[in-house]
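In: Okay, predicted coordinates and the sequence, questions at the end:
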Amino acid sequence: MGITTHRTFCRFCHANCAMLVDVEDGPRGRMVREVRGDPEDPAFGGYTCMKGRELPDSHNADHRLHHSLVRGDDGEFRETPMPQALEHVADELRHIIAEHGPHSVAVFMGSGGYQNSAAMAASLSFAQAIGSRNFYTSVTLDQPAKVFTTARYGQWLGGTNTFSESDVALLIGNNPIVSHYSPPGGVPPFSPSRRIRDAKERGMKVIVADPRESDVARLADIYLPVRPGEDPALLAGMLHVIIEENLHDSNFVAAHVDGFDDLAQAVEPFTPDVAATRAGVDEDQLIAAARMFARGSKGCAVTGTGPEMAGNGTLTEYLVHCLNTVCARFRQEGEKASIPRVFTPATPRRAQVGPPVPMFGANGMAKSRFRGLGQLGFEMPCNVLADEILTPGEGQVRALISVGGNPVVGFPDQAKMVRALDDLDMFVQIDPWMSASARRADVVLAPSQCLEREDITNLSEWWHEEAYARYTEALADPPGDVIDEYAMFWTLAKHLDVTMQLAGGALPMDALPSKEVFLDLMTAGGLVRPSEVRRDAAAAGGAAVIYEDRHPVIEPVDEGEFHRFDLTAGDMPAHLSAYADQSEARAGYEFKLISRRSKTRFNSIGHPLEKLRARTTTNPAYIHPDDLATLGLEEGDIIAIESAHATIHGVVKPSDKVRRGLVSMAHAYGDADATKDDVRERGSSTNRLVSETVDYDPITGQSLQSGIPVRLAPA
Ligand SMILES: Nc1nc2c(c(=O)[nH]1)N[C@H]1C(S)=C(S)[C@@H](COP(=O)(O)OP(=O)(O)OC[C@H]3O[C@@H](n4cnc5c(=O)[nH]c(N)nc54)[C@H](O)[C@@H]3O)O[C@H]1N2
Ligand SMILES: Nc1nc2c(c(=O)[nH]1)N[C@H]1C(S)=C(S)[C@@H](COP(=O)(O)OP(=O)(O)OC[C@H]3O[C@@H](n4cnc5c(=O)[nH]c(N)nc54)[C@H](O)[C@@H]3O)O[C@H]1N2
Ligand code: SF4
Ligand SMILES: [Mo]
């Protein structure tokens, strides 16, 4: 009995903030009582956000599932012991595979799955073990063009400049103060606004491009209110200025870059006035931003989700890659590798370009049956999942296991996704509560929550400039018979008599391996083994361990493996020229709806938590006061938002931080049955407005989930 305090890290989101947790050992076992930031952690220094501080509620709340649910023939859910629920799922899968083949089973890992350090490896290796090509993750709902661009052009093996060494930062549609997310080279999630203020104090210049004056835009030296989807014009204009004024690193370009002249030619028509007009920004500000970025000695251009979702995502990522490349924003020979990534299989760290990696259906990778879209690395694009379920024929998906995803609210075309889920022979949702998707499932498997699990920091290690590693013990006892997701997939594989393979080889299939064994196999080839970190962390009272002596140093060029960045790959200069000739206006839809993150939710995670609900129960529609005056609307009114595809409702909130002609709303609110009448209580789903077959990226399948053409009317 009594309360003890332990060191661990938060897993409400991917940032993994260092935390102290008070645990009470009482009649119901060890229960989480309170969490707070760990002031002694070298990276986070005590920082947490309001979501993470709700972890005790999330673990102990009444709405939490303590047992799994299986729907009976009468359509009603029945509480079912975990072993039986898993056996039932395995039996159904066996029948479905026997009748329709292995591709008929799909696995989707959503953003809630990333919070468990083993869920990605477990769900992927399960899909591979049964021989299904239908593995999906939220990466193809949010930022596939980044993955694709890195693969197509190759990576600088020494890594990019990091935030702490930079004297300039360019953030395009990325708001790390709320999202705690930035790609490598961007703002690390350790107390992001304090970091930016500190960096500015030492002289860093910050440039932000966002149609909405976001939290980070308010700290910017130059804020560019770019029109949604027109980032290519802005970036091409900046490249035009940089090249014309010779501000790029011509030595680096000569040594490592092909296709520079083609790029220069393609950005030629984007003179500052043409580019600024199209992008909707001030011409002098565009020129100043180009000079500020290129004259900095170190610092990266990075994008968030906004520009990836607003159309032209692949082109935008290409131009960002060009900016960083021609300005050589990379670490060089003899320096420490910028991000050591202790748990990721080590690639050579050299002062050179790595080889391009074939992507998206190339070279024998699996193709989907739709729109010519194919695998990105090991995963299928989410764009095709609904059609793969709904369309009969060879390869039709008949069973879906969703781990930490909420397809009803995360995917484009909500009504269609709901039809698809209802059409499945079996829909299994792994979820700690009755989310919008769980309520439509045939089986809901109840998982343990983060403070009841062992985990490592593999998912946040790409922000740490030191070789920072953590292994946390399970600190609380799981209620009921909930278990870790890795154990669910292992048990299913065991029933189906297949073997899961991890980076380090086959997983033992005779008896359930411990999480430590799983994590060791999963991270084979990394700088440190999780079991070693576990021992070192235990010796350090559960704190982070920094493996300074293993931090790789960037080696000289390996001439035998020499590659160059080829800026003409994929004909991108020609795509830019085609974009220059396009017009994007859509008659009859004079507004655009843009996406943003809600401070009080992580996508749909947090909806039932009382203190977060006390802050908001809806995703308000931010609209410029002048637009509201024209529409005759006031704060708190309900507005109808109509796209070519559907109509949703929103609660009006005036904001002079959004450009005129825009509505800014968070996604992942509102179930499929949410209506105008309960929009204040539940919010509404912006994805109802989207069609994945009309507006999508032809390479990645990313649907238009921001910058959606809409019209507005009082409701
Ligand atoms: N229009 C529009 N659409 C978007 C976006 C946008 O900006 N605009 N953003 C996109 C992005 S970036 C993403 S990542 C996707 C997200 O799409 P999804 O990943 O499909 O949706 P989430 O809401 O993140 O789903 C998380 C689920 O995990 C459950 N969960 C919570 N905790 C746990 C846990 O400990 N274990 C398990 N197993 N489950 C848990 C939650 O209850 C919830 O059901 O949405 C995308 N959709
Ligand atoms: N609190 C909280 N944190 C989260 C999440 C959450 O739901 N809540 N979700 C997590 C997930 S899954 C992800 S992927 C990350 C995403 O992390 P971020 O990408 O940083 O997410 P946002 O805060 O939505 O920032 C996107 C910005 O893009 C802007 N934008 C929209 N359209 C355009 C456009 O066409 N061009 C430009 N330049 N900007 C545009 C929006 O106004 C917004 O400010 O956040 C993660 N962190
Ligand atoms: S930023 Fe993410 S990891 Fe940190 S406290 Fe908030 S939810 Fe937890
Ligand atoms: Mo995401």
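Out: That came in fine, so what should we check first? Ligands and ions are numbered 1, 2, ... in the order given.

In: burial count for whichever residue of the stretch 351-500 of the chain sits closest to ligand 1?
Out: Relative to ligand 1, the nearest point of the stretch 351-500 of the chain is Gly410 (2.4 Å; Cβ to the nearest ligand atom). Every residue, glycine included, has its C-beta placed from N, CA and C. Residues near Gly410, counting by other Cβ atoms under 10 Å, number 26.

In: now swap in Met50 and tell me
Out: 13.

In: got a pLDDT number for Pro356?
Out: pLDDT for Pro356: 81.

In: Can you give me the neighbour number for it?
Out: The burial count for Pro356: 16, using other Cβ under 10 Å.

In: surely it meets Ala151?
Out: Yes - with contact defined as Cβ atoms under 8 Å, Pro356 reaches Ala151; the gap is 6.5 Å.

In: what separates Leu93 from Ala420, distance-wise?
Out: 18 Å (Cβ to Cβ, to the nearest Å).

In: do Ser117 as well
Out: In terms of Cβ to Cβ, Ser117 sits 30 Å off from Ala420.

In: ok, now Ile3?
Out: Counting by Cβ to Cβ, the gap from Ile3 to Ala420 is 47 Å.

In: Likewise for Gly75?
Out: 19 Å.

In: can you check Pro56 too?
Out: In terms of Cβ to Cβ, Pro56 sits 36 Å off from Ala420.

In: Of these two, which one has the most company?
Out: Legend: neighbour count by other Cβ under 10 Å for Pro56 and Ala420, higher for Ala420 (22 against 18).

In: does any part of the host helix or strand of that one sit near ligand 1?
Out: Using DSSP states H and E, Ala420 sits within helix 414-423. No - judged by Cβ under 6 Å from any ligand atom, helix 414-423 stays clear of ligand 1, getting no closer than 9.5 Å.

In: what about that helix, average pLDDT?
Out: On average, helix 414-423 scores 98.

In: Check stretch 247-259 too.
Out: On average, stretch 247-259 scores 97.

In: please begin residue numbering at 36 from this point
Out: From this message on, residue numbering opens at 36, which makes the last subject stretch 282-294.

In: can you list contacts of that stretch?
Out: 276-277, 295, 325-326, 329-330, 360-363, 387-388, 599-604, 608 (Cβ atoms under 8 Å, 6 or more residues apart in numbering).

In: Stretch 60-67 too?
Out: With Cβ under 8 Å, 6+ apart, stretch 60-67 has contacts from 36-39, 56-59, 90-91, 94-95, 486, 510-512, 514.

In: switch the cut-off to 6 Å
Out: With Cβ atoms under 6 Å, 6 or more residues apart in numbering as the test, stretch 60-67 has contacts from Met36, Val58, Glu59, Pro91, His94, Leu486, Ala511, Asp512.

In: ditto for stretch 557-567
Out: Identification of contacts with stretch 557-567 by Cβ under 6 Å, 6+ apart yields 156, 377-380, 491, 504, 506, 537-539, 551, 554-555, 582, 585.

In: Please type out the ChimeraX selection for whichever of those turn out to be buried.
Out: The buried residues among the contacts of stretch 557-567 can be selected in ChimeraX (16 or more other Cβ atoms under 10 Å) with this line:
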select :156,377,378,379,491,504,506,537,539,551,554,555,582
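
In: pLDDT check: weakest of the contacts of stretch 557-567?
Out: Pro380 (86).

In: Spatially nearest residue to that one, not counting backbone neighbours?
Out: Of all residues not flanking Pro380 in the chain, Gly560 sits nearest, at 3.4 Å (Cβ to Cβ, 6 or more residues apart in numbering).

In: Quickly find the element holding that neighbour.
Out: Going by DSSP H and E, Gly560 is not part of any helix or strand.

In: And for it, the neighbour number?
Out: Neighbour tally, Gly560, other Cβ under 10 Å: 11.

In: Report pLDDT for it.
Out: 94.

In: Any figure for the gap between it and Gly539?
Out: 7 Å.

In: again with Ala324
Out: For Ala324, the distance to Gly539 - Cβ to Cβ - is 46 Å.

In: Now do the residue in the stretch 286-435 of the chain positioned nearest to ligand 3, the pLDDT please.
Out: When scored by Cβ to the nearest ligand atom, the stretch 286-435 of the chain has Gly339 as its residue closest to ligand 3, at 15.2 Å. Listed pLDDT for Gly339 reads 97.

In: how about it, what does it touch?
Out: Contacts of Gly339 (Cβ under 6 Å, 6+ apart): Gly208, Asn209.

In: would you put the C-alpha positions of the lowest-mean-pLDDT helix or strand in the chain in CSV?
Out: Within the chain, no helix or strand scores below helix 179-188, which has a mean of 90 by mean pLDDT, DSSP states H and E. Output of helix 179-188 as CSV, limited to C-alpha atoms (Å, rounded to 0.1, in the frame of the first residue of the first chain):
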residue,chain,number,x,y,z
PRO,A,179,3.3,10.2,-47.9
ALA,A,180,5.1,12.7,-50.2
LYS,A,181,7.8,13.2,-47.6
VAL,A,182,8.6,9.5,-47.5
PHE,A,183,8.3,9.3,-51.3
THR,A,184,10.5,12.3,-51.9
THR,A,185,13.2,11.0,-49.6
ALA,A,186,13.1,7.6,-51.3
ARG,A,187,13.1,9.0,-54.8
TYR,A,188,16.0,11.5,-54.4
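
In: so what's the backbone phi/psi at the closest residue to Pro660 other than its chain neighbours?
Out: The shortest distance from Pro660 to any non-neighbouring residue, by Cβ to Cβ, 6+ apart, is to Pro689 (4.6 Å). Here is the backbone geometry of Pro689 (degrees, to the nearest 10): phi -70, psi 140.

In: I'd assumed Ala421 was in contact with Ala455.
Out: Yes - here Ala455 reaches Ala421: they are 4.2 Å apart, a contact under Cβ atoms under 6 Å.

In: quick one on the thing from earlier: and the contacts of stretch 282-294, which of them are in helices?
Out: Val276, Ile277, Phe295, Ala325, Arg326, Ala329, Arg330, Thr360, Val361, Pro608 (DSSP state H).

In: so how many other residues sit close to the fourth one?
Out: Counted with other Cβ under 10 Å, the neighbours of Ala325 add up to 28.

In: list the contacts for Tyr582?
Out: Ala502, Val563.

In: For it, give its distance to Val377.
Out: Taken as Cβ to Cβ, the span from Tyr582 to Val377 is 6 Å.

In: now swap in Asp319 and tell me
Out: 45 Å.

In: Next to ligand 1 in this structure, residues from the protein, please.
Out: 145-148, 150, 173, 176-177, 340, 344, 438-442, 444-445, 465-468, 470, 472, 482, 484, 520, 630, 638-640, 702-703, 721-722, 740-741.

In: how about the helices of the stretch 336-485 of the chain, start to end?
Out: 341-344, 348-361, 420-425, 442-445, 449-458 (DSSP state H, counting those that start in this stretch).

In: Let me fix that, I meant to ask about the stretch 186-335 of the chain.
Out: 211-214, 227-236, 266-279, 285-291, 295-302, 307-314, 318-330.

In: Comparing the ones you listed, which comes out most buried?
Out: helix 266-279 (a mean of 26; mean count of other Cβ atoms under 10 Å).

In: quick check, it touching ligand 2?
Out: Yes - if you take Cβ under 6 Å from any ligand atom as the test, helix 266-279 does meet ligand 2, through Asp266.

In: how about that helix as CSV, C-alpha atoms only?
Out: Output in CSV follows, covering the C-alpha atoms of helix 266-279 (Å, rounded to 0.1, in the frame of the first residue of the first chain):
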residue,chain,number,x,y,z
ASP,A,266,3.0,26.4,-51.7
PRO,A,267,4.7,25.4,-55.0
ALA,A,268,4.4,29.0,-56.3
LEU,A,269,5.9,30.4,-53.1
LEU,A,270,8.8,27.9,-53.0
ALA,A,271,9.5,28.2,-56.8
GLY,A,272,9.5,32.0,-56.3
MET,A,273,12.0,31.7,-53.4
LEU,A,274,14.2,29.4,-55.5
HIS,A,275,14.0,31.9,-58.4
VAL,A,276,15.4,34.6,-56.1
ILE,A,277,18.0,32.4,-54.6
ILE,A,278,19.3,31.2,-58.0
GLU,A,279,19.1,34.6,-59.6
